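K.L.:
Have a look at this prediction, sequence included:
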Amino acid sequence: MGKYIYSSAIELAAMIRKGEASSEAIVQEHIDRIKAYNDQLKAVVIETFEEALMEARLCDDEAKHGKFRGPLHGVPMTVKEQFWVKGLKSTINVKMFKDFVAPEDAIVVERLRNSGAIILGKTNVPKNLLDFQVWGEIYPEGKNPYDPERSPGGSSGGSSAALASGMVPIELGGDLGGSIRNPSNFCGLYGLKPTDDSLPLHGMSPVPKKAKGFIFHMAQAGPMARDLDDLELLWDVLSGPDKRDRRVPRIDYGKPSGKGLKEYKIAWMDEWPGFPTGNQVKRSLRDLVQKMETKGVKVINKGPGNNLHERSLAFWMRLFPQLVCQDMPALIRPLFKWDLQRTLMRGVKKFKKEFNQGFTLSFINYSETMGIRSSIISEWESFFESYDFLLCPMAFGPAYKRGKLGEPITEEGKTMVYANYVWPFTACFNASGHPGMNIPLGLNEQGLPLGVQLVGPYWSEKEMIHFAKQLVKLTPGFIRPEGY
């Protein structure tokens, strides 16, 4: 397997800094790993191996002279295909963007490079980033290393497969409806969707020709890792304002509280009204809650009132079309709506009114929508005044078998609308903008990962990670898939 595969990014950086390993050797070993397993998983779709080796040699030369770019000096990684990497294509797996070449690095990619990270390539995504599995018009279908018949998650599915199979130690993902947390769940990883507008989003996706502007809401870039210390380091590297993106406020995150488990008050839900979960998820979540209780954590089985969860989903359904239809010709919008209704949103009837409203592109509609969001955010924040964090499901069950987008999914003998397997558990917190992360809870009897979602108040990422580190003592953490 090699000396460096499945080492953490922090461990690899320390080896390079101490002269115990060269960046070139570490990068080469991970390149070899990609070559060995990528044909099976289709995780990495754009390779920059030669450039990465050249950069690794530069890092080694700098290290010999005591110069280090940052905490990830010489460490290899990949980034999700949607993000701009100068000179590389960013297509979101759609033929319409097949010729789009990034004119510069995304700000978050620039920060990774400045920290010393070396990019080996870009990872696979579904068409338009709109699925919880990986397929599209340009790249081959992505697979889950725990079971190739199942989805690696989406839309950062190539990212999760690359991480879980040891191709890289860390990854940059993006999340509009669960696209960091869902693949992290399906592949047993840690993945953090930050608070809305906490990271600069310039260069987050290809831009339509003649686009006059592009508004982002609900979408965030974020770190993915097999190790919580790596996740925290990535968060520190990525977070913060930038003069090129004035939407990102200057937040003083400070240091985490240092509290122990006994000092936290945690709300938990094992399903949402109208959106049940499977027995596997319920058992794993309840087992964790029981372990927490034995450690003195104050755990209360309670969610927000006033139908807030469902209203958050309704809001997502109203804002989502307004975002994805920006700069879309009026003649194309009805076709796009029809396509969504027969695929991703097939069978979702509860929010039909809000979905239709979302396709009315006007300032009045947008203004009303954002007014609704303000109320939703305030209500969630009020809930978190009584609790440090909320523990809740990531999905109905483990990674589902790959199939046609929109076809009903059957798990544990229950058949459900395609979107309802994942979307209701994750999109609610894109709607409200609250930070959420996946924490792996081990493998089920079929060897598939299960996870739990940790959600916190605005700007609580540092404290969330601190609490998660305490919680990891009660969980198995990342478990390597068999055969990798």
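P.N.:
It's in. Numbering: from 1, shown residues only.

K.L.:
List the buried residues in the one helix or strand Phe383 maps to.
P.N.:
Using DSSP states H and E, the secondary-structure element containing Phe383 is helix 363-384. Within helix 363-384, the residues that qualify as buried by neighbour count (16 or more other C-beta atoms under 10 Å) are Asn365, Tyr366, Thr369, Ile372, Arg373, Ile376, Ile377, Glu379, Trp380, Phe383, Phe384. The C-beta positions use only the backbone N, C-alpha and C, and glycine is treated the same way.

K.L.:
which ones are touching the spatially most central residue of the chain?
P.N.:
With distances taken as C-alpha atoms, centre = their mean, the chain has Ile180 as the residue nearest its mean C-alpha position (1.1 Å). For Ile180, the contacting residues are Ser156, Gly173, Gly174, Gly191, Leu192, Lys193, Gln220, Gly222, Met224, Asn438, taking C-beta atoms under 8 Å, 6 or more residues apart in numbering as the criterion.

K.L.:
List just the nearest of these to Val44.
P.N.:
Ser156 (12.8 Å; C-beta to C-beta).

K.L.:
Excluding sequence neighbours, find me the nearest residue to the closest one.
P.N.:
Among residues not flanking Ser156 along the chain, Gly173 sits closest, at 3.6 Å (C-beta to C-beta, 6 or more residues apart in numbering).

K.L.:
ditto for Lys3
P.N.:
That would be Glu29: by C-beta to C-beta, 6+ apart, it lies 7.0 Å from Lys3.

K.L.:
Tell me if that neighbour really is in a helix.
P.N.:
Yes: using DSSP: H, G, I helix; E, B strand; the rest coil, the assignment for Glu29 is a helix.

K.L.:
Quick one: residues contacting it.
P.N.:
The neighbourhood of Glu29, defined by C-beta under 8 Å, 6+ apart, consists of Gly2, Lys3, Tyr4, Ile5.

K.L.:
and those, which of them are in helices?
P.N.:
Among the contacts of Glu29, no member falls in helices (criterion: DSSP state H).

K.L.:
Now tabulate those in TSV and tack on pLDDT and neighbour count.
P.N.:
Supplementary listing: these in TSV, determined by pLDDT from 0 to 100; neighbours: other C-beta atoms under 10 Å:
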residue	pLDDT	neighbour count
Gly2	87	15
Lys3	95	10
Tyr4	98	20
Ile5	98	19
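
K.L.:
which two from these end up farthest apart in space?
P.N.:
Maximum pairwise distance among the contacts of Glu29 (C-beta to C-beta): 7.7 Å, between Lys3 and Ile5.

K.L.:
wait, Gly153 sits on Phe186?
P.N.:
Yes: between Gly153 and Phe186 there is a contact under C-beta atoms under 8 Å: 3.7 Å.

K.L.:
OK, contacts around the residue of the chain positioned farthest from its centre?
P.N.:
Here the chain has its C-alpha centre computed as a mean, and the residue farthest from that point, by C-alpha atoms, centre = their mean, is His65 with 36.9 Å. Residues in contact with His65 (C-beta under 8 Å, 6+ apart): none are found.

K.L.:
quick one, what contacts the closest residue to Pro249 other than its chain neighbours?
P.N.:
Leaving aside its sequence neighbours, Pro249 sits nearest to Pro241 (C-beta to C-beta, 6+ apart; 6.6 Å). Applying C-beta under 8 Å, 6+ apart, we find Pro241 in contact with Pro200, Val248, Pro249, Arg250.

K.L.:
Now neighbour count, distance to Phe429 and secondary structure too, for those residues, in CSV please.
P.N.:
As requested, the contacts of Pro241 are exported to CSV (neighbours: other C-beta atoms under 10 Å; distance: C-beta to C-beta, whole Å; DSSP: H, G, I helix; E, B strand; the rest coil):
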residue, neighbour count, distance to Phe429, secondary structure
Pro200, 24, 20, coil
Val248, 19, 19, coil
Pro249, 11, 19, coil
Arg250, 6, 23, coil
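
K.L.:
what about Leu313, which SS state?
P.N.:
Classification of Leu313 using three-state DSSP returns helix.

K.L.:
thinking Leu319 is in contact with Phe359, fair?
P.N.:
No: here Leu319 lies out of contact with Phe359, judged by C-beta under 8 Å, at a distance of 11.5 Å.

K.L.:
And the residue nearest to Lys3, how far from Ile5?
P.N.:
According to C-beta to C-beta, to the nearest Å, Glu29 and Ile5 sit 6 Å apart.

K.L.:
And Ile26, by the same measure?
P.N.:
Distance of Ile26 to Ile5, computed by C-beta to C-beta: 10 Å.

K.L.:
rewinding a little: check for me that the residue nearest to Ser156 belongs to a strand.
P.N.:
Yes: secondary structure of Gly173 (three-state DSSP): part of a strand.

K.L.:
so what pLDDT did it get?
P.N.:
Gly173 carries a pLDDT score of 97 in this model.
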